[in-house]
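Colleague: Just a sequence and a predicted model for now, questions to come.
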Amino acid sequence: MSDANVEVMRSSFEAYADGGIEAVLPFYDRDVVWDPGPEWVEDTVYRGHDGIRRIDAVFLENFDGYHLQLHDIRAAGTRVVALYEATGQTRDSHVPLRQPIGIVASDFRDGRIGAIRSYFSWRDALRAAGLAE
């Protein structure tokens with residue numbers, strides 16, 4: 001099962017690169033819950049496909065040339081850890097962005113991701129999934 005879950009996550013990143021957020025939605029359960037963590041700019045947990053759209057919109061509204069570069073995907077039991085970088089530049093000041101982000105996907109249902117927890121550190125994401133770096 002973990003290999004299948006890794007492939008779901010990998011395919012979701014490929015879909016985002018090819019078609020943006022709408023292309024990603026089929027990889028997420030309709031009731032998905034995305035917890036962006038305490039460092040996030042909005043104090044909320046995102047729910048459902050509209051929540052996925054909103055978390056993406058936060059980046060797109062604030063950064064030009066926004067891009068995700070996947071570095072690693074690992075199985076962690078029934079969970080999957082994806083380590084990537086978000087790059088771009090701030091919309092108003094053009095300050096470059098290069099932010100490592102780790103996400104832990106869980107609660108896979110019928111080949112779809114049911115829950116995500118984000119971390120602004122790869123080490124924290126690996127630790128949360130019980131994987132040593």
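Modeller: Arrived safely.

Colleague: Report the mean confidence score over the longest helix anywhere in the chain.
Modeller: Looking across the chain with DSSP state H, the single longest helix is helix 2-24. For helix 2-24, mean pLDDT is 96.

Colleague: isn't V41 right next to A57, touching?
Modeller: No: V41 is not in contact with A57 according to C-beta atoms under 8 Å; the separation is 11.8 Å. C-beta coordinates here come from the backbone N, C-alpha and C atoms, glycine included.

Colleague: thinking again about what came up before, who touches the longest helix of the chain?
Modeller: Applying C-beta atoms under 8 Å, 6 or more residues apart in numbering, the contact partners of helix 2-24 are 26-28, 52-53, 56, 68, 70, 73-80, 82, 84, 105, 108, 111-113.

Colleague: Return the distance of the residue nearest to the spatial centre of the chain relative to R74.
Modeller: Central residue of the chain (C-alpha atoms, centre = their mean): I103, 5.3 Å from the mean position. Counting by C-beta to C-beta, to the nearest Å, the gap from I103 to R74 is 11 Å.

Colleague: who touches both of the two?
Modeller: In terms of C-beta under 8 Å, 6+ apart, I103 and R74 are both contacted by the residues V81.

Colleague: Render the CA-only coordinates of stretch 72-82 in CSV, please.
Modeller: The C-alpha trace of stretch 72-82 is given here as CSV (Å, rounded to 0.1, in the frame of the first residue of the first chain):
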residue,chain,number,x,y,z
ASP,A,72,12.1,13.5,-2.4
ILE,A,73,9.1,11.4,-1.6
ARG,A,74,9.3,8.7,1.1
ALA,A,75,6.9,6.1,2.5
ALA,A,76,6.5,6.2,6.3
GLY,A,77,4.2,3.3,7.0
THR,A,78,0.8,4.3,5.8
ARG,A,79,1.9,7.9,5.5
VAL,A,80,4.0,9.6,2.8
VAL,A,81,6.5,12.4,3.2
ALA,A,82,7.2,14.8,0.3
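
Colleague: Cool, thanks, signing off.
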